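> What follows is a predicted protein model with its sequence.
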Amino acid sequence: MRTQTSREVNTARDQKPRVLVVDDEPALSDLVSMALRYEGWETQVASNGADALAAIREFAPDVLVLDIMMPGLDGLEVLQRLRDEGDGVPVLFLTARDSMQDRLTGLDIGGDDYVTKPFSLDELVARVHALARRSSSKLRVTDDAVLRVGDLSLDQNSFDVRRGDDVIDLTSTELEVLRVLMENPSRVVTKAHIYESVWHGEFDGSSTVVELNISYLRKKIEAAKPPMIRTVRGVGYMIRPASDD
């Protein structure tokens, strides 16, 4: 599990949320940092992977904006080291438009979201806010804690996900996508509804982020087990017990 102590202290004291922006292009990282400061964030920048790791330990960001393509220690290596250390800070990747494999790899090792360069500052800020909301929602306590569909369960207080006796490790974004599906068992949930519920933006029909997260949910939830998530072509997705055919 991720180290949360410093970030929970920030929340408890109503301090400004913190974001670390990591990119080897100073003009870009300064521009992103300025946009987020304007939105009320406390920001810090780093220009390479080694400096980013040091800054994360000292600054304890609530969200990490991380460029993938950097000389030396790249963004994927930075994320892998963080996840190996048990740090689950939400990560928004900055990627080149044609680097689909990097996006897939980033999500596979624990990234939460991505934007492609060139990007809209408004879109990036909205996605950073959405990541922060998803992360802070883990601290929320609800009376009706456990969602169940067949042998799959999601505890909304501890965010413990299990299929039978197997514990499933999900990113904060995957957890939210799964929660949307499990709140609507055996019903079709549109891509637009998933996108708007998780990313808090207007779905334009062209984003692949929903499909990517569904793909990774399937790999983790259905590994060596009967499938539960169905695709309803042209509409969206449905989750139901594996025995319901």
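In hand now; what should we look at?

> what's in contact with whichever strand or helix holds R218?
Per DSSP states H and E, R218 falls inside helix 209-221. With contact meaning CB atoms under 8 Å, 6 or more residues apart in numbering, helix 209-221 is reached by 103-104, 107-108, 113-114, 152, 163, 168-170, 173-174, 177-178, 191, 194-195, 199, 227-229, 231, 237. All C-beta atoms are positioned from the backbone trio N, CA, C, and that covers glycine.

> which residues are in contact with the helix or strand just after that helix?
Of the helices and strands lying after helix 209-221 in sequence (DSSP H and E), the nearest is strand 229-232. Applying CB under 8 Å, 6+ apart, the external contacts of strand 229-232 come out as 181, 188, 214, 217-218, 221-222, 237-240.

> Could you do stretch 165-183 as well?
By CB under 8 Å, 6+ apart, stretch 165-183 touches 88, 90, 107, 110-113, 131, 134-135, 137-138, 147-149, 152, 154, 156, 159-162, 189, 193-194, 197-198, 210, 213-214, 216-217, 220-221, 229, 237-239.

> Just the buried residues of the contacts of helix 209-221.
Listed as buried from these are 103, 107, 113-114, 152, 163, 168, 170, 173-174, 177-178, 191, 194-195, 199, 228-229, 237; burial here means 16 or more other CB atoms under 10 Å.

> what's the single longest helix in this protein?
What stands out as the longest helix in the chain, according to DSSP state H, is helix 121-136.

> R57: neighbouring residues, count only.
Per other CB atoms under 10 Å, the neighbour tally for R57 reads 12.

> Report the angle between the helix holding R218 and helix 121-136.
With axes from the mean of the first three to the mean of the last three CA atoms, to 10 degrees defining the directions, helix 209-221 sits at 30 degrees from helix 121-136.

> Flag every buried residue along helix 209-221.
Residues of helix 209-221 classed as buried by neighbour count (16+ other CB under 10 Å): 209-210, 212-214, 216-217, 220-221.

> just how off-centre is that helix within its chain?
How far helix 209-221 lies from its chain's middle: 12 Å, per CA atoms, centre = their mean, to the nearest Å.
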